[in-house]
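Q: Quick one, structure for this:
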Amino acid sequence: MDKFTSKHFAFLLMGAAIVSMKTYPTVFIRNGGRDSWVASIIATVIFVAYFLFILSTCKRLKCYNLYDLYTQAVGKPLGTFFIIFFALTLFMTLIESASVESNSMHTNMLLDTPSWFFLLFFVIPAAYTVGRDKVAIVTVTMIGIVLICVAGINLAMLTQKYKRYDLLFPVFENGVSGSFLIAVLEILALFATISIALPYLPEIKDNKKLIKHSLIGMLIIAQMEIVAIIGVISSFEIEYLKTMAYPKLLQTQLVQYLRFLESGELYVMLQILGGWYLKYVIAFYALLRVLSWLKIHSNTNIIVITILVFFISYMVADNLFVLFRYLNIYVYFSLINFFLIPTIMSVIFSIKILLRRRKTRKLA
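A: This next block holds a predicted model:
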């Protein structure tokens with residue numbers, strides 16, 4: 001792969017944003033309840049508009065480096081401060097990916113296998129992939145996304161007869177509550193993990209169709225998430241659904257055809273294991289790029305980060321309640337550093353450039 005283009009970037013967007021909402025929707029379903037599928041549609045519209053605005057700002061002003069955008073918007077000291085927080089959220093994303101992958105497998109599949117064992121066979125291969133640089137990451141992501149999409153289509157077909165769409169109604173039985181608005185924000189925060197891919201923007205060689213290809217990627221993400229949320233809500237009573245840690249894994253256990261094909265764990269394991277692996281390596285490389293902007297260069301960065309992620313993830317993933325407390329915190333970090341701050345910085349930067357150009361025209 002000699003040329004990294006906007007087509008490859010679209011696959012990175014999907015790898016960064018698909019898996020979280022599909023794996024632990026309980027985080028926002030506890031607030032949104034039966035109306036979570038409506039909240040997901042509202043959050044989707046905001047999410048698509050937000051990311052198109054970020055990309056159009058970068059393209060219009062010819063500034064694809066997030067560090068340059070931040071520092072030119074609010075000055076070098078404050079811009080560097082916000083970039084450090086962006087890097088911190090990327091590191092938290094690594095912990096999220098490793099922790100949820102190991103805990104979900106331990107909780108639902110192999111109870112006798114400790115979470116540290118899953119972590120070992122997750123972080124070490126991922127470190128190897130990241131060490132092979134961007135080409136390996138993009139190649140793995142493209143293959144992984146195709147397999148995840150195929151698995152998702154098969155899983156939707158297998159579980160279709162077990163869904164009761166009357167469970168989606170009535171909508172807004174108790175009106176639009178504060179909990180519903182919180183659910184919209186939480187879903188938006190999980191969508192906003194698409195910003196993990198922003199550090200890849202400066203490396204795109206051909207960005208003429210950046211908006212078009214990114215929009216296609218976002219629409220694929222949106223339909224997959226909306227269908228997934230509708231699927232789990234229509235499969236279980238809402239009060240029962242709120243008690244589940246990983247409803248997708250339980251949903252697949254309903255599958256049984258002719259006593260030959262039982263359960264759909266193979267498909268959901270491919271989606272979860274593959275999805276978290278993709279998100280992890282994409283976020284890992286993005287973190288290395290951000291560290292390079294901050295002049296933190298070291299050949300041991302990959303090793304140090306991997307060791308830190310392993311030990312912190314083990315402490316988080318070893319207890320399901322601790323994990324979900326962490327995920328509740330992570331969601332709001334994602335909302336702030338992956339959605340709010342990039343939006344504010346883009347607005348400020350756009351206004352500054354506009355005022356500068358007007359001033360130049362007046363002087364001319």
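Q: Can I get stretch 103-120 as CSV, trimmed to CA atoms?
A: Extracted as CSV, the C-alpha positions of stretch 103-120 are listed here (Å, rounded to 0.1, in the frame of the first residue of the first chain):
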residue,chain,number,x,y,z
ASN,A,103,-14.0,-9.1,30.5
SER,A,104,-16.7,-9.9,27.9
MET,A,105,-14.9,-13.1,27.0
HIS,A,106,-14.4,-14.1,30.6
THR,A,107,-17.9,-13.2,31.6
ASN,A,108,-19.8,-14.8,28.7
MET,A,109,-17.6,-17.4,27.2
LEU,A,110,-14.8,-18.9,29.3
LEU,A,111,-15.6,-18.3,33.0
ASP,A,112,-12.6,-20.3,34.2
THR,A,113,-10.1,-18.4,32.1
PRO,A,114,-8.8,-15.3,33.9
SER,A,115,-9.0,-11.9,32.3
TRP,A,116,-5.2,-11.4,32.3
PHE,A,117,-4.9,-14.4,30.0
PHE,A,118,-7.2,-12.8,27.4
LEU,A,119,-5.2,-9.5,27.8
LEU,A,120,-1.9,-11.2,27.1
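Q: Show the average pLDDT along it.
A: Mean pLDDT, stretch 103-120: 86.
Q: got it, and stretch 294-306?
A: Here stretch 294-306 scores 91 as its mean pLDDT.
Q: Buried residues, that stretch. List them.
A: 301, 302, 305, 306 (16 or more other Cβ atoms under 10 Å). For the C-beta atoms, the positions are set from N, CA and C on the backbone; glycine is no exception.
Q: and if you look at stretch 177-186?
A: 180, 183, 184, 185, 186.
Q: Helix or strand: which one has the second one?
A: Residue 183 belongs to helix 178-191 when assigned by DSSP states H and E.
Q: is it true that residue 331 touches residue 191?
A: No - Residue 331 lies out of contact with residue 191 (Cβ atoms under 8 Å); the separation is 11.0 Å.
Q: Give me the more crowded residue out of those two.
A: Set residue 331 next to residue 191 and count neighbours by other Cβ atoms under 10 Å: residue 191 wins out with 28 against 23.
Q: Spit out the contact partners of the closest residue to the more buried one other than its chain neighbours.
A: Closest residue to residue 191 apart from its sequence neighbours, by Cβ to Cβ, 6 or more residues apart in numbering: residue 47 at 3.9 Å. Shown in contact with residue 47 (Cβ atoms under 8 Å, 6 or more residues apart in numbering): 188, 191, 192, 194, 218, 222.
Q: now swap in residue 26 and tell me
A: 241, 242, 244, 245, 246, 247, 324.
Q: Now, those residues that are in helices?
A: Under the assignment DSSP state H, those contribute 241, 247, 324 to helices.
Q: and the gap between the last one and residue 63?
A: Per Cβ to Cβ, to the nearest Å, residue 324 is found 38 Å from residue 63.
Q: still on that earlier bit, which of the contacts of residue 26 are buried, as a PyMOL select command?
A: Restricted to buried positions by 16+ other Cβ under 10 Å, the PyMOL selection for those reads:
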select buried, resi 241+244+245+246+247+324
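Q: So which of the contacts of residue 26 is the closest to residue 11?
A: Residue 11 lies nearest to residue 246 out of the contacts of residue 26, by Cβ to Cβ, at 25.1 Å.
Q: Please name the nearest non-neighbouring residue to the closest one.
A: That would be residue 104: by Cβ to Cβ, 6+ apart, it lies 5.1 Å from residue 246.
Q: give me the low-pLDDT residue ranges for this structure?
A: Within the chain, the segments meeting pLDDT under 70 span 1-2, 256-266, 363-364.
Q: one step back: just the buried ones out of the contacts of residue 47, please.
A: Looks like the contacts of residue 47 have 188, 191, 192, 194, 218, 222 buried, using 16+ other Cβ under 10 Å.
Q: Which one of the residues you listed is nearest to residue 135?
A: Nearest member of the buried ones among the contacts of residue 47 to residue 135, counting by Cβ to Cβ, is residue 194, at 21.7 Å.
Q: distance of that closest one from residue 286?
A: 11 Å.
Q: Please point out which parts of the longest helix seen in the chain sit buried.
A: Ranked by residue count under DSSP H, the longest helix found in the chain is helix 76-108. For helix 76-108, burial by neighbour count (16+ other Cβ under 10 Å) applies to 79, 82-83, 86-87, 89-108.
Q: Same question for stretch 317-335.
A: Buried, per 16+ other Cβ under 10 Å, within stretch 317-335: 317, 318, 323, 324, 326, 327, 330, 331, 333, 334, 335.
Q: Give me the number of neighbouring residues for residue 139.
A: 15.
Q: Which strands and helices lie in contact with the host helix or strand of it?
A: In this structure, residue 139 sits in helix 134-159 according to DSSP H and E. With contacts taken as 3 or more Cβ pairs under 8 Å, 6 or more residues apart in numbering; DSSP states H and E, helix 134-159 sits against helix 6-17, helix 115-131, helix 210-233, helix 265-293.
Q: Spell out for me which residue occupies the centre of the protein.
A: Central residue of the chain (Cα atoms, centre = their mean): residue 17, 3.0 Å from the mean position.
Q: one step back: reformat the buried residues of stretch 294-306 as CSV; add distance to residue 200 and secondary structure.
A: Below are the buried residues of stretch 294-306 laid out as CSV (distance: Cβ to Cβ, whole Å; DSSP: H, G, I helix; E, B strand; the rest coil):
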residue, distance to residue 200, secondary structure
301, 17, helix
302, 17, helix
305, 18, helix
306, 20, helix
